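Colleague: Based on what follows, work out the 3D shape:
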Amino acid sequence: MEPTNTAAERAVRHAVCWRKTSYGTDGERGSRFVERMLAVVASCRHQERSALDFLVQAVTGQKPSLIPQGA
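Modeller: Residues are numbered from 1 along each chain as shown. A predicted model of the protein is given here:
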């Protein structure tokens with residue numbers, strides 16, 4: 001592994017790849033939505049949780065938290 005391949009760079013890689021292949025968004029609201037969705041996916045991935053389960057809970061009003069359970 002190269003010394004510049006830090007954990008922070010690996011964490012944003014998915015978002016950077018998405019932005020390059022999707023050509024971004026058309027407006028501020030779309031940008032905020034994508035920003036939040038990518039943050040949820042990255043947080044769930046880091047905690048080894050299902051992002052889909054998290055989103056289903058959020059949509060059904062169960063108020064899930066991205067704060068790790070042991071924190």
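
Colleague: can you tell me the average pLDDT over stretch 9-16?
Modeller: The average pLDDT within stretch 9-16 is 81.

Colleague: Then stretch 21-41?
Modeller: The pLDDT scores in stretch 21-41 average 89.

Colleague: I would like the residues contacting stretch 27-36, please.
Modeller: Residues outside stretch 27-36 that contact it (CB atoms under 8 Å, 6 or more residues apart in numbering) are 18, 24-25. C-betas here are computed from N, CA, C, even on glycine.

Colleague: Mind listing what's buried along it?
Modeller: Buried residues in stretch 27-36, counted by 16 or more other CB atoms under 10 Å: V34.

Colleague: Ok, stretch 52-71 next?
Modeller: Residues F54 are the ones in stretch 52-71 that count as buried (16+ other CB under 10 Å).

Colleague: So what touches it?
Modeller: Residues outside stretch 52-71 that contact it (CB under 8 Å, 6+ apart): 39-40, 43-44, 47.

Colleague: With stretch 17-25 instead?
Modeller: With contacts defined as CB under 8 Å, 6+ apart, stretch 17-25 is touched by 31, 33-34, 38.
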